[in-house]
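Novice: Following is a predicted model, sequence given first.
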Amino acid sequence: MLRLFRVELIRAASRRVVKLFGLFAAIVVVIGAALVFFNTGNHKDPLELTILSEHGLQSGVLRGVMDVAIVIGFVLGATLVGADWRAGNVTTILLFEPRRARLALTRFLAVATISALFAVALCALVFLVLWPVAAVHGTTSGIGGHWLWLTSLGILRSACVIAISATLAAALAFITRNTAGALVIGAASVMIFQPVLSILRPGWTRWTFAANQSILLSGGTFDAENYKRSAGYAALVLVAYLAVIAAAAIALFKRRDIASSS
């Protein structure tokens with residue numbers, strides 16, 4: 001299985017969509033850093049590097065970056081799986097690995113790994129490009145061991161959230177057999193189902209996917225009804241949702257005819 005995982009990981013990393021998202025993110029970060037550099041000239045509005053993360057990514061620049069990365073991870077997960085269905089490559093892949101459950105699980109792991117690495121690399125890039133800006137037009141005061149530890153934990157939690165979101169999208173793409181289907185389901189859940197549920201059943205909000213994502217990103221918090229939930233508990237809720245949908249995707253993948261979709 002390790003060999004298959006390496007193959008799937010290389011395939012995922014070499015996909016054009018991954019490279020395009022990586023290039024786009026790098027360009028946006030560099031342009032943003034350049035704008036910050038010029039706007040903080042002459043020390044009119046000095047940059048404090050600690051604004052990258054406050055209280056372990058509960059807020060700050062990196063928290064905003066991770067919120068965007070969650071969306072990117074979901075799109076990546078749906079695309080990496082859905083594109084093979086659309087191109088009719090699944091039949092060919094099954095010739096080399098006929099064990100469908102093994103193939104699906106390995107692909108989920110590859111999607112989760114690529115998405116998590118993307119999140120960590122994006123945070124590292126933001127930190128590296130803003131450090132010299134703060135050194136020249138601001139201050140790096142407050143960047144010590146405690147700050148780095150809390151921020152690292154926040155980035156780790158964010159990588160887990162993004163990996164779960166991307167894997168969920170991949171499972172939905174396995175079910176719908178296309179990228180668009182997974183994206184439509186995800187958008188409908190965030191924009192329609194969960195907001196309506198919060199209005200009709202406010203007490204159920206704490207069980208929604210989005211609410212538990214936010215709790216895990218923040219490292220544990222209270223919801224609107226002052227219901228305390230730890231980051232670990234939120235992670236278990238997210239993993240449970242993912243396990244159910246992934247199991248359904250694998251079951252359908254094992255039973256349904258593949259040739260008719262190619």
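Specialist: Nice, I can see it.

Novice: For the stretch 1-150 of the chain, which segments count as strands?
Specialist: 47-48, 138-139 (DSSP state E, counting those that start in this stretch).

Novice: Using CSV, lay out those strands together with mean pLDDT and distance to residue 161.
Specialist: C-beta: built from backbone N, CA, C; applies to glycine. Shown next, in CSV, are the strands of the stretch 1-150 of the chain (pLDDT from 0 to 100; distance: least, C-beta to C-beta, whole Å):
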stretch, mean pLDDT, distance to residue 161
strand 47-48, 78, 26
strand 138-139, 80, 29
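
Novice: Adding distance to residue 163 and mean neighbour count, write those strands out as JSON lines.
Specialist: Below are these laid out as JSON lines (distance: least, C-beta to C-beta, whole Å; neighbours: other C-beta atoms under 10 Å):
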{"stretch": "strand 47-48", "distance to residue 163": "30", "mean neighbour count": "18"}
{"stretch": "strand 138-139", "distance to residue 163": "33", "mean neighbour count": "17"}
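
Novice: In contact with residue 185, which residues?
Specialist: By C-beta atoms under 8 Å, 6 or more residues apart in numbering, the residues touching residue 185 are 172, 176.

Novice: quick one: it from residue 179, how far?
Specialist: When distance is defined by C-beta to C-beta, to the nearest Å, residue 185 is 11 Å away from residue 179.

Novice: what does residue 106 give?
Specialist: 19 Å.

Novice: before we move on, the earlier item: can you say which of the strands of the stretch 1-150 of the chain is nearest to residue 204?
Specialist: strand 47-48 (39.8 Å; C-beta to C-beta).

Novice: In CSV, list the strands of the stretch 1-150 of the chain along with distance to residue 152.
Specialist: Below are these laid out as CSV (distance: least, C-beta to C-beta, whole Å):
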stretch, distance to residue 152
strand 47-48, 19
strand 138-139, 21
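
Novice: closest to residue 94 out of these?
Specialist: Judging those by C-beta to C-beta, what sits closest to residue 94 is strand 47-48, at 52.8 Å.

Novice: What pairs with that closest one, parallel or antiparallel?
Specialist: Strand pairing for strand 47-48, using DSSP bridges, gives strand 138-139 (parallel).

Novice: what does the strand it pairs with rub up against?
Specialist: 40, 43, 46, 47, 48, 49.

Novice: Could you find the closest non-adjacent residue to the third one?
Specialist: Nearest non-adjacent residue to residue 46, counting by C-beta to C-beta, 6 or more residues apart in numbering: residue 138, 4.1 Å away.

Novice: next one: the fourth one
Specialist: In space, and not counting its chain neighbours, residue 47 is closest to residue 138: 3.2 Å by C-beta to C-beta, 6+ apart.

Novice: Then the last one?
Specialist: In space, and not counting its chain neighbours, residue 49 is closest to residue 134: 3.9 Å by C-beta to C-beta, 6+ apart.

Novice: By mean pLDDT, point me to the weakest helix or strand of this protein.
Specialist: strand 221-222 (a mean of 60; mean pLDDT, DSSP states H and E).
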